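1. Quick check, what structure comes out for this input:
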Amino acid sequence: MFSFCSDPSTLSGLSWLSCYLTTGKHMAFYGSIGTVLLLLAITAPAALAFGFVGASAARARFAPLRWIGKTYIALVRGVPDIAFFLFFVIALDQAIEWVRHKTLCPDWDQPIRQGNDFVVCQAAKMPLGNAPQWVHETYGFFIAVFTFAIVFGAFAANVLFGAMRAVPRAQMETAEAYGMTHRQSFWRILVPQMWIYALPGLSNLWMILVKATPLLFLLGIEDVLYWATELGGSKAARFSDYPHGDWRMWYFLGLLVLYLLFTKASEVVLERIMQRLSRGQATSGGDAARRAEARA
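-> A predicted model of the protein is given here:
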């Protein structure tokens, strides 16, 4: 990046370090932090949406819908995250290609399953073999996002289901006594009040989601863990213009500090949200807010 970095062999000290930290691979490393943040920005609301639908289904009056909601929660929560990630990504990718294969290649006369291989026509591959690299990366990223949303949506559904049950039943009965339908009381009474009960569990789930982002490394996405391993290892450095020893400990230490700073910022934001939701609520947090306002 700097003009004096043209000949690394002549550098030493801070000059060498400044050039080393601004190489193309390091820029990709810094960009991977944005990849993690983008994953969180998309996955968190998507998982919350899956959770809300799952929790609503689990408390539905229609029995088959209730069974589906409870099965989704129990099934995903009962499988180790890593096993589900590795299985679901492959299964989803093959399901997409299978549907495209049946649609685009109806004249195909060979079996799709050929031993251990999954073979579809070229037109059905996702993404296409001649697609640009960014298409491959974007496809893999959104497959990962969908998998994260499915997994953490089940945990969110369990939290929201408990929060819905925590809202006093007397309030729902009062709404019904005033002539509200079941749907009206759900959206106007239950949903606005359940968040104060759900936020502690959702806060923990957010922290777990933040700590789970290195699972992108297992899905073949070049995230911060991938680049920390790649740049910190001494074997790869021997073949670069900036050779060094095994610095993986320092890269991982940097990631540790990065995640701690991010989780600390998350705690501050979540605490403010909790204070906002506690206003006017018949909870210990709401009582504390009212006493503080009275003293002021």
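2. And the helices in the protein, which stretches?
-> With helices called from DSSP state H, the chain shows them at 13-20, 24-58, 63-77, 81-104, 133-166, 169-177, 182-185, 191-212, 224-232, 234-237, 248-278, 284-295.
3. shaky segments in the stretch 1-150 of the chain?
-> Where the stretch 1-150 of the chain drops to pLDDT under 70, the residues are 1-4, 6-11, 129.
4. for the helices of the chain, which one sits closest to residue 111?
-> For residue 111, the closest of these is helix 81-104, at 11.4 Å, according to CB to CB. All C-beta atoms are positioned from the backbone trio N, CA, C, and that covers glycine.
5. In PDB, list the C-alpha atoms belonging to stretch 207-216.
-> The C-alpha coordinates for stretch 207-216 follow below in PDB (Å, rounded to 0.1, in the frame of the first residue of the first chain):
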ATOM      1  CA  MET A 207     -24.100 -13.700  22.500                       C
ATOM      2  CA  ILE A 208     -24.100 -17.300  21.400                       C
ATOM      3  CA  LEU A 209     -24.700 -16.300  17.800                       C
ATOM      4  CA  VAL A 210     -21.800 -13.900  18.000                       C
ATOM      5  CA  LYS A 211     -19.500 -16.600  19.300                       C
ATOM      6  CA  ALA A 212     -20.800 -19.100  16.700                       C
ATOM      7  CA  THR A 213     -19.700 -17.000  13.700                       C
ATOM      8  CA  PRO A 214     -16.400 -18.900  13.400                       C
ATOM      9  CA  LEU A 215     -18.500 -21.900  12.200                       C
ATOM     10  CA  LEU A 216     -18.300 -20.100   8.900                       C
END
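6. Save the helices of the chain as TSV, and put in mean neighbour count and distance to residue 113 too.
-> Listed next are the helices of the chain as TSV, based on neighbours: other CB atoms under 10 Å; distance: least, CB to CB, whole Å:
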stretch	mean neighbour count	distance to residue 113
helix 13-20	14	49
helix 24-58	17	30
helix 63-77	15	25
helix 81-104	15	10
helix 133-166	19	21
helix 169-177	12	51
helix 182-185	13	46
helix 191-212	18	32
helix 224-232	20	31
helix 234-237	13	38
helix 248-278	13	40
helix 284-295	12	56
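7. Adding distance to residue 126, write those helices out as CSV.
-> Shown next, in CSV, are the helices of the chain (distance: least, CB to CB, whole Å):
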stretch, distance to residue 126
helix 13-20, 38
helix 24-58, 19
helix 63-77, 24
helix 81-104, 5
helix 133-166, 6
helix 169-177, 46
helix 182-185, 39
helix 191-212, 25
helix 224-232, 22
helix 234-237, 31
helix 248-278, 31
helix 284-295, 47
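8. Out of the ones you listed, which is closest to residue 121?
-> Of all those, helix 81-104 sits nearest to residue 121, with 5.9 Å by CB to CB.
9. List every C-alpha atom in the closest one, with coordinates, as PDB.
-> As requested, C-alpha coordinates have been extracted for helix 81-104 and formatted as PDB (Å, rounded to 0.1, in the frame of the first residue of the first chain):
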ATOM      1  CA  ASP A  81     -24.800 -27.400  16.100                       C
ATOM      2  CA  ILE A  82     -21.800 -28.500  14.200                       C
ATOM      3  CA  ALA A  83     -23.500 -31.700  13.000                       C
ATOM      4  CA  PHE A  84     -26.500 -29.800  11.900                       C
ATOM      5  CA  PHE A  85     -24.400 -27.200  10.100                       C
ATOM      6  CA  LEU A  86     -22.400 -29.800   8.200                       C
ATOM      7  CA  PHE A  87     -25.500 -31.900   7.300                       C
ATOM      8  CA  PHE A  88     -27.900 -29.100   6.500                       C
ATOM      9  CA  VAL A  89     -25.600 -27.100   4.200                       C
ATOM     10  CA  ILE A  90     -25.000 -30.200   2.100                       C
ATOM     11  CA  ALA A  91     -28.600 -31.300   2.200                       C
ATOM     12  CA  LEU A  92     -29.900 -27.900   1.200                       C
ATOM     13  CA  ASP A  93     -27.400 -27.500  -1.600                       C
ATOM     14  CA  GLN A  94     -28.300 -30.900  -3.100                       C
ATOM     15  CA  ALA A  95     -32.000 -30.300  -2.700                       C
ATOM     16  CA  ILE A  96     -31.700 -27.100  -4.700                       C
ATOM     17  CA  GLU A  97     -29.800 -28.800  -7.400                       C
ATOM     18  CA  TRP A  98     -32.200 -31.700  -7.400                       C
ATOM     19  CA  VAL A  99     -35.200 -29.400  -8.000                       C
ATOM     20  CA  ARG A 100     -33.300 -27.500 -10.700                       C
ATOM     21  CA  HIS A 101     -32.200 -30.800 -12.300                       C
ATOM     22  CA  LYS A 102     -35.800 -32.200 -12.500                       C
ATOM     23  CA  THR A 103     -37.000 -28.900 -14.000                       C
ATOM     24  CA  LEU A 104     -34.200 -28.000 -16.400                       C
END
